[in-house]
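> Got a predicted structure here, sequence first:
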Amino acid sequence: MSKFFVAATLLGNLAIALPPPTARRDASLLPLSTKGRDIIDNNGDIFHFMSTNWPGHQETMIPEGLQHASIEDIVAWFPRFGLNSVRLTFAIEMIDDIFSNSPNQTLEKSVLNALGEKNGTIVLNQILERNPQLTKETTRLEVFDSVAKEFAKKNIIVHLDNHVSKAFWCCGENDGNGWFGEEYFDVKKWIRGWSYITKHVKNWPTFASAGLRNELRNANNAEPVDWYTWYVHMTSAANAVHEADPDALIFFSGLSYDTYIDPIPLGKMLNGTDETATEGKSVIFIPNNFPYKDKIVLEIHKYDFEATQDDCPTFKSKWYEKGFQALDASNPATKYLFPMVLSEWGFIHNGTYWSQTTYNKCLIEMVEDWQFSWQHWELSGSFYLQTRPNRTPNTIQGLEEFWGLLNYDWSTVRSPVTIENSLSKMITALKE
Ligand SMILES: *[C@@H]1O[C@H](CO)[C@@H](O)[C@H](O)[C@H]1NC(C)=O
Ligand SMILES: *[C@@H]1O[C@H](CO)[C@@H](O)[C@H](O)[C@H]1NC(C)=O
Ligand SMILES: *[C@@H]1O[C@H](CO)[C@@H](O)[C@H](O)[C@H]1NC(C)=O
Ligand SMILES: *[C@@H]1O[C@H](CO)[C@@H](O)[C@H](O)[C@H]1NC(C)=O
């Protein structure tokens, strides 16, 4: 990719970074594959995902925000922000409902079941008014298809992420969605879901890649939480994706909310757990053993929950140990090189937070130093509904998302100064 010159330009009365007209963001780059530490496009040039997340995995199981803005208007934000791709999230429950032929798949039922008859009817009518190509009978998957069609029109590449099994806000410990075999995380349905949706989305013109599972984490009632179990199920799901679409990149996330994945590039033994079904078992993740060996990408998340004041050399060297060995051919401990994608990063867009800790500054430096793809969390200014187990109130309709790039009603940028100093600098940090 050629160098981005991000120009502060007036858009309405807001200064927003715009990409150059020459930025290549199109289907002709596909398929993507990997070569050592890099993702390369169809021309053999290095490709970096520069995305934001657009959630579609919550209770309604359709992408958020459609009561506030049309799909066309929402997608139009991507090139305007200088982004070349989206991380679009979905729930396996959506696919389970297809297999059970559930009547709940229509837009009408999806919204009314999530929001109740009264508020649901209001929101449904707003969605239909803003998006006349949809009807009450449009299914959730057809809503995703409409979204994908619009991304294709704008030459925005689509990365599909399986965020959860049961559709609600991710992620909490012991929330049922966190680890293989947990209450809602039925491994068979997950793999079936990947086979089904990959066959479907490979026809989206700008579909490029699949994120197998978001933020795997500890769970008390599930299969043993260990790297051996990770290996068994992640490689099965990867096979399912690869069989359905041999062109797709496949993202593998790490453990503990995807905060570390270093055992994979370091080629460590992936062990089972004593006194469980995986006791005494171990295996090594050897990329050459897989038919999708040139499609494997590692993903990692980084948030600022500790409100870091570490200086950047400290921040970067601590974080490096969590998996960036994958990018470092000069490290003798690195056994296998893989591309890394920072598939979630973000913080509150309130105009000041970006400079209150060293997180934002050091993240930009890390991208400058190591040249890796990233996917910001997130686009939404608000949600249809948010259910959070074990919290009061348990569900909130129309919850505002203060971390979103857009404002509450998805009509404008929430905090231009934050974007200028974070998202836009993450773009310019990528040289090629
Ligand atoms: C449809 O949704 C309703 C309300 O959530 C639920 O009670 C019902 O079991 C669902 N039906 C099917 C077939 O899943
Ligand atoms: C698995 O066990 C071996 C032998 O004890 C150890 O060297 C290795 O570091 C362990 N793997 C991980 C990922 O901890
Ligand atoms: C932004 O959020 C941070 C963290 O909650 C807080 O310290 C700061 O005061 C907020 N800034 C504004 C302008 O509200
Ligand atoms: C329905 O919408 C109204 C107005 O936005 C809100 O005050 C109310 O809490 C919503 N009902 C539920 C059950 O969340």
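Yep, it's here. Numbering: from 1, shown residues only. Ligands and ions are numbered 1, 2, ... in the order given.

> Close to ligand 1: what parts of the chain are there?
By the rule CB under 6 Å from any ligand atom, the part of the chain lying against ligand 1 is Ser102, Asn104, Asn113. To be clear about C-beta, it is placed using only N, CA and C from the backbone, and glycine gets the same treatment.

> and the first one, how many neighbours does it have?
Put plainly, it is Ser102. 13 (other CB atoms under 10 Å).

> For it, what are phi and psi?
phi -70, psi 140 (degrees, to the nearest 10).

> can you check the last one too?
The phi and psi values for Asn113, taken as degrees, to the nearest 10, are phi -60, psi -40.

> Could you look up the SS state of the nearest residue to Ile95 once chain neighbours are set aside?
In space, and not counting its chain neighbours, Ile95 is closest to Gly193: 3.8 Å by CB to CB, 6 or more residues apart in numbering. Following DSSP: H, G, I helix; E, B strand; the rest coil, we place Gly193 in the helix state.

> Any idea how many residues pack against Gly193?
Gly193 is flanked by 24 other residues according to other CB under 10 Å.

> OK, contacts around it?
Counting by CB atoms under 8 Å, 6 or more residues apart in numbering, Gly193 makes contact with Ile92, Ile95, Asp96, Asn162.

> mind redoing it with 7 Å?
By CB atoms under 7 Å, 6 or more residues apart in numbering, the contact list for Gly193 reads Ile92, Ile95, Asp96.

> Assign a three-state SS to the last one, would you?
Right, Asp96. Secondary structure, three-state DSSP: Asp96 is helix.

> List the backbone torsions phi and psi for the nearest residue to it once chain neighbours are set aside.
Leaving aside its chain neighbours, Asp96 sits nearest to Lys189 (5.7 Å; criterion: CB to CB, 6+ apart). Backbone torsions of Lys189, given as degrees, to the nearest 10, read phi -70, psi -30.

> Next: Val187.
phi -60, psi -40.

> Now do the SS call for Pro63.
coil.

> Strands of the stretch 151-300 of the chain, residue ranges please.
157-164, 207-211, 249-253, 270-271, 282-283, 296-301 (DSSP state E, counting those that start in this stretch).

> what pairs with the first one, and is each one parallel or antiparallel?
In the sheet, strand 157-164 lines up against strand 85-91 (parallel), strand 207-211 (parallel) (DSSP bridges).

> again, but for the fourth one
Taking DSSP bridges as the criterion, strand 270-271 pairs within the sheet with strand 282-283 (antiparallel).

> Can you list the residue ranges for helices in the stretch 51-200 of the chain?
Secondary structure of the stretch 51-200 of the chain (DSSP state H, counting those that start in this stretch): helices located at 71-81, 92-99, 107-115, 117-130, 140-153, 187-201.

> ok, which residues in the stretch 301-432 of the chain are in contact with ligand 3?
Close to ligand 3, as judged by CB under 6 Å from any ligand atom, the stretch 301-432 of the chain has residues Ile348, Asn350, Gly351, Thr352, Tyr353, Gln356.

> which of those residues are buried?
Neighbour counting over these (16 or more other CB atoms under 10 Å) leaves Ile348, Tyr353 as the buried ones.

> Pull the most distant pair out of the residues of the stretch 301-432 of the chain next to ligand 3.
Maximum pairwise distance in these, criterion CB to CB, is 10.4 Å, between Gly351 and Gln356.
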